[in-house]
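Novice: Curious how this folds, go ahead:
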Amino acid sequence: MVLAAGLGTRMRPLTDDRPKALVDLAGRSLIDHVLDRLAGAGVTRAVVNVHWFADRLETHLAARGRGPAVMISDERAALLETGGGLKKAAPLLGPDPVFVANIDSVWTDRGDALGDLARLWDPARMDAVLLLARREGSIGFEGGGDFFLADDGRLTFRGEAAEAPFAYMGVHITRPDYADGGPDGPFSLSPLWRASAAAGRLYGCVLDGDWMHVGDPQARDAAEAKLAGTA
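Specialist: Sure thing, here's the model as predicted:
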């Protein structure tokens, strides 16, 4: 599932006439960067949620001309945030585990990040497994980090610590029904992750590569320079 329904307010003025998913980066829209990564990992079907400039995004997806095949989860009536979006999309996702990907995460990969994530996933022990980035060298990320990572892959939140070494980089694997117990309407996945972490069921692995959080025009320009080899 690709989370593409947000308003993209931090990306303005680039999102004044388009969704953030259609902001260009190095000759491809952000949605194409994400879908091409998923296709490369073997994904053949994807659900994309839409809201802001939904018609324009649907037109782009229909004209892509390459996999994965896309189904639309329509949030035109109301934005549902990450948890609400996953809950609404669950009937479209089917019974198998799903990648859930943010629209603004781009990376270079010296290994096989999505493959590593899939190989780590074990539903008997885990509710979700998150792809992480080291804070050092990341583009567009500000803050003290999100997680500590144990030797066995378990995650704990930063909590009251001044900083933590790893940031969530916008892709994870979970069950398609993980958010089904959440409230009606919009809600975040974060409280569910915190409950899973407290139960020892939130895991992660670390990207061997360079992460670019393309959340605003300045980060987009920095990411474009990085991809062009000039930064």
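Novice: List the buried residues in the longest strand seen in the chain.
Specialist: If you go by DSSP state E, the chain has its longest strand at strand 166-174. Using 16 or more other Cβ atoms under 10 Å as the test for burial, strand 166-174 gives Phe166, Ala167, Tyr168, Met169, Gly170, Val171, His172, Ile173, Thr174. Using the backbone N, CA and C atoms, a C-beta is placed for each residue, glycine as well.
Novice: What are the contacting residues of that strand?
Specialist: Strand 166-174 has contacts (Cβ atoms under 8 Å, 6 or more residues apart in numbering) with 86, 97-102, 104-105, 107, 113-114, 117-118, 121, 127-135, 138, 141, 143, 145-149, 204, 206-207, 211, 213.
Novice: Downstream of that strand, the next helix or strand is which one?
Specialist: Using DSSP states H and E, the helix or strand that directly follows strand 166-174 along the chain is helix 190-198.
Novice: Would you mind writing the CA trace of stretch 86-101 as PDB?
Specialist: C-alpha atoms of stretch 86-101 as PDB (Å, rounded to 0.1, in the frame of the first residue of the first chain):
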ATOM      1  CA  LEU A  86      -4.800   1.200   6.200                       C
ATOM      2  CA  LYS A  87      -8.100   0.200   7.800                       C
ATOM      3  CA  LYS A  88     -10.200   1.500   4.900                       C
ATOM      4  CA  ALA A  89      -7.900  -0.200   2.400                       C
ATOM      5  CA  ALA A  90      -7.900  -3.600   4.100                       C
ATOM      6  CA  PRO A  91     -10.700  -5.100   1.900                       C
ATOM      7  CA  LEU A  92      -8.600  -4.300  -1.200                       C
ATOM      8  CA  LEU A  93      -5.400  -5.600   0.200                       C
ATOM      9  CA  GLY A  94      -6.300  -9.300   0.600                       C
ATOM     10  CA  PRO A  95      -5.100 -11.700   3.300                       C
ATOM     11  CA  ASP A  96      -1.300 -11.600   2.800                       C
ATOM     12  CA  PRO A  97       1.300  -9.400   4.500                       C
ATOM     13  CA  VAL A  98       1.700  -6.000   2.900                       C
ATOM     14  CA  PHE A  99       4.400  -3.400   2.400                       C
ATOM     15  CA  VAL A 100       3.100   0.000   3.500                       C
ATOM     16  CA  ALA A 101       5.100   2.900   2.000                       C
END
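Novice: any idea how far it is from the chain center?
Specialist: Its chain's C-alpha centre lies 13 Å from the corresponding centre of stretch 86-101 when counted by Cα atoms, centre = their mean, to the nearest Å.
Novice: pLDDT below threshold where in the chain?
Specialist: Scanning the chain for pLDDT under 70 picks out 230-231.
Novice: Kindly recompute the last result at 80.
Specialist: 137, 230-231 (pLDDT under 80).
Novice: picking that back up, please narrow the contacts of strand 166-174 to those residing in helices.
Specialist: Using DSSP state H, Leu86, Ala113, Leu114, Leu117, Ala118 are the members of the contacts of strand 166-174 that sit in helices.
Novice: No further questions, thank you.
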